[in-house]
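Novice: Dropping a prediction and its sequence here:
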Amino acid sequence: DVKVTQSSRYLVKRTGEKVFLECVQDMDHENMFWYRQDPGLGLRLIYFSYDVKMKEKGDIPEGYSVSREKKERFSLILESASTNQTSMYLCASSLSPQLYNEQFFGPGTRLTVL
Amino acid sequence: KQEVTQIPAALSVPEGENLVLNCSFTDSAIYNLQWFRQDPGKGLTSLLLIQSSQREQTSGRLNASLDKSSGRSTLYIAASQPGDSATYLCLFYAGGTSYGKLTFGQGTILTVHP
């Protein structure tokens, strides 16, 4: 079974802090994704990566950056956390360079920025 | 961008009923469609993925169909159980390598009561 893990289930940070969210997958998947999920807005893609050191912006990249130094790990970075970044963050991965493959999700990180 | 609509937004049924969830899309150039369930506060669990060349996929009590001409996918749940209570989401992928081709529906909240 594919396993996607996220470093924290719950996280509380202060406004202005730099925040790192980590995601690891154990199935040698090429693609990895970061989404945020908010009530009434659904799931929105922040960034995705189709290879090591490769990344592309999603729908809402502002205020975020990403890092993929190793194939199995994809990090989401909030450069200076703000209260409007309070949300559920979900990481996903899929097998091949083609985006059509089945996506597998991690358990999510509930981030609260005070 | 592609619009993906899930109807109904919420559904409450007694245990044992067969039910249908709908996912409609406006772009007929679909590549595949994936169905997920999400339990409160958790990540997404993949249920079924249908490629554009397929008409349906089955897994246990679940059956998903795809009708490209009408722009609709349905998820059929047979003999519903209280454990099926969750939010069900569909993910539309239009093909190619552009992130912009990935669109989630807003979800259907299903409650199955004993």
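Specialist: All right, it came through fine.
Novice: for chain B, what are the low-confidence residue spans?
Specialist: B:1, B:95-100 (pLDDT under 70).
Novice: Which residues of it lie near chain A?
Specialist: B:31-32, B:34, B:36, B:41-46, B:49, B:51, B:89, B:91, B:93, B:95-97, B:99, B:101-102, B:104-107 (Cβ under 8 Å from any Cβ of the partner chain). From N, CA and C alone the C-beta is placed, and that goes for glycine too.
Novice: Can you give me the distance of the nearest residue to B:Lys101 once chain neighbours are set aside to B:Phe36?
Specialist: With sequence-adjacent residues excluded and distances taken as Cβ to Cβ, 6 or more residues apart in numbering or on different chains, B:Lys101 is closest to B:Ala94, at 3.8 Å. Distance of B:Ala94 to B:Phe36, given as Cβ to Cβ, to the nearest Å: 18 Å.
Novice: between the two, who's got more neighbours?
Specialist: Higher neighbour count among B:Ala94 and B:Phe36: B:Phe36, with 24 against 21, using other Cβ atoms under 10 Å in any protein chain shown.
Novice: partner residues bridging the nearest residue to the more buried one once chain neighbours are set aside?
Specialist: Leaving aside its sequence neighbours, B:Phe36 sits nearest to B:Leu44 (Cβ to Cβ, 6+ apart; 4.1 Å). Applying DSSP bridges to B:Leu44 yields these beta-bridge partners: B:Gln38.
Novice: give me the number of residues near B:Leu44?
Specialist: 28.
Novice: try A:Met54
Specialist: That count, for A:Met54 with other Cβ under 10 Å as the rule, works out to 12.
Novice: I figured it hits A:Arg68, correct?
Specialist: Yes: look at A:Met54 against A:Arg68 with Cβ atoms under 8 Å: they come within range, at 7.1 Å.
Novice: In contact with residue 90, which residues?
Specialist: Defaulting to chain A. Listed by Cβ atoms under 8 Å, 6 or more residues apart in numbering or on different chains, the contact partners of A:Leu90 are A:34-37, A:43, A:105-106, A:108-109, B:43-44.
Novice: Chain B is the one I meant
Specialist: Listed by Cβ under 8 Å, 6+ apart, the contact partners of B:Cys90 are B:4, B:6, B:23, B:33-36, B:73, B:75, B:104-105.
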